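Sequence first, predicted coordinates after that:
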Amino acid sequence: MSDLNGSELNAEQPQINILVQYTKDLSFENPNAPRSLAPQQNQPNISIQINVNARPLSAEEFEVELVLEGSATESETTLFKFDLSYAGLFRLKGISEQDLHPIVMIECPRLLFPFARQIVADAVRGGGFPPLYLDPIDFVALYKQRIAQAPAGQTLSS
């Protein structure tokens with residue numbers, strides 16, 4: 001039998017709920033097709049940029065946007081480019097004010113990433129190339145880097 005009383009049972013536990021996930025924008029370019037689809041002499045140079053944006057919609061709800069941009073080049077030739085803006089609407093309950101920003105900027109994009117990764121892989125495959133499976137992202141390191149570069153007083157929506 002539990003020693004918890006009713007007030008302890010009703011204490012709000014921290015919760016992260018994904019209300020909806022969606023593609024805000026997706027672009028894939030294969031500017032040199034069909035030449036870019038020919039067998040290549042060397043491995044392409046893959047470049048990936050990642051950004052996380054968040055904006056509060058209410059006291060408990062946040063839109064978190066994961067932006068992935070990338071390209072593949074060989075020598076001076078662009079094989080393909082992609083831009084993906086993938087977002088989710090999150091409801092956060094029972095989270096302290098000091099933990100809110102890191103959770104929004106680390107945990108929420110971590111939950112979105114596998115879905116965005118699959119969209120990129122499918123878009124690249126649909127462009128005539130082998131699917132590009134992005135390596136897992138260290139959102140903690142990305143967050144620390146962003147905090148170090150941010151001006152004092154910057155908010156979630158900045």
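Ah, there it is.

wait, what's in contact with residue 62?
54-56, 89-90, 92, 104, 108, 156 (Cβ atoms under 8 Å, 6 or more residues apart in numbering). Placement of C-beta: from N, CA and C, glycine included.

Now list the buried members of these.
Listed as buried from the contacts of residue 62 are 54, 89-90, 92, 104, 108; burial here means 16 or more other Cβ atoms under 10 Å.

Can you list which of the contacts of residue 62 are found in strands?
Members of the contacts of residue 62 lying in strands (criterion: DSSP state E): 54-56, 89-90, 92.

tell me the two of those residues that are most distant?
The most widely separated members of the ones in strands among the contacts of residue 62, counting by Cβ to Cβ, are 55 and 92 (13.3 Å).

sorry, back to before: if we take the contacts of residue 62, which one ends up nearest to residue 138?
Checking those one by one against residue 138 (Cβ to Cβ), the nearest turns out to be residue 108, at 15.1 Å.

Apart from its neighbours in sequence, what residue is nearest the closest one?
residue 64 (4.1 Å; Cβ to Cβ, 6 or more residues apart in numbering).

Output the below-cut-off pLDDT ranges for this structure.
When residues are selected by pLDDT under 70, those of the chain lie in 1-11, 152-158.

the helices in it, which residues?
Along the chain, counting by DSSP state H, helices occupy 6-10, 97-102, 108-126, 139-149.

Only alpha carbons, please: show the last one as CSV.
Just to be clear, that refers to helix 139-149. The C-alpha trace of helix 139-149 is given here as CSV (Å, rounded to 0.1, in the frame of the first residue of the first chain):
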residue,chain,number,x,y,z
PHE,A,139,21.2,19.1,-29.2
VAL,A,140,22.9,19.8,-25.9
ALA,A,141,26.1,20.9,-27.6
LEU,A,142,24.0,22.9,-30.1
TYR,A,143,22.2,24.6,-27.3
LYS,A,144,25.4,25.5,-25.4
GLN,A,145,26.9,26.9,-28.6
ARG,A,146,23.8,29.0,-29.2
ILE,A,147,23.7,30.3,-25.6
ALA,A,148,27.4,31.2,-25.8
GLN,A,149,26.7,33.3,-29.0
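
tell me which strands and helices it is in contact with?
With contacts defined as 3 or more Cβ pairs under 8 Å, 6 or more residues apart in numbering; DSSP states H and E, helix 139-149 has these neighbours: strand 45-56, helix 108-126.

cutoff 10 Å now
strand 45-56, helix 97-102, helix 108-126 (3 or more Cβ pairs under 10 Å, 6 or more residues apart in numbering; DSSP states H and E).

Much appreciated, bye for now.
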